[in-house]
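Visitor: Any chance you can model this:
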Amino acid sequence: MLKTVWAVVRDGKIELLQNLPLPEGTKLLVTLMPDKEEEQFWLNVSDRSLAEVWENTEDDIYAELLQK
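Guide: Residues are numbered from 1 along each chain as shown. Predicted coordinates:
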């Protein structure tokens, strides 16, 4: 069973923000959360890419077909 928990890095070590009994040798998958500046960069890039895909005149034909 997968369980997601919050943690922080302190002095180069990952510390869980809640007390969990983890047996020695427990395998973990760590996902690094981007900082706010990096997160905003990727949101802006994604918005531009999606706009290029979805906002184009070639797809207008599908909207016209749905109206009939």
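Visitor: Tell me where the chain has helices.
Guide: Using DSSP state H, the helices of the chain run over 36-54, 60-67.
Visitor: Mean pLDDT lowest where, among these?
Guide: Here the helices of the chain differ in mean pLDDT, and the lowest is helix 60-67 at a mean of 78.
Visitor: In TSV: the helices of the chain, plus distance to A7.
Guide: Backbone N, C-alpha and C define where each C-beta goes, glycine included. Converted to TSV, the helices of the chain look like this (distance: least, CB to CB, whole Å):
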stretch	distance to A7
helix 36-54	18
helix 60-67	45
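Visitor: Out of those, flag the one nearest L29.
Guide: helix 36-54 (20.2 Å; CB to CB).
Visitor: can you put the helices of the chain in JSON lines and add mean neighbour count?
Guide: Below are the helices of the chain laid out as JSON lines (neighbours: other CB atoms under 10 Å):
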{"stretch": "helix 36-54", "mean neighbour count": "10"}
{"stretch": "helix 60-67", "mean neighbour count": "8"}
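Visitor: what sits up against stretch 35-54?
Guide: Here stretch 35-54 makes contact (CB atoms under 8 Å, 6 or more residues apart in numbering) with P34.
Visitor: ugh, typo on my part, it should be stretch 25-34
Guide: A7, I14, W42.
Visitor: ok, now how distant is G12 from N44?
Guide: For G12, the distance to N44 equals 31 Å [CB to CB, to the nearest Å].
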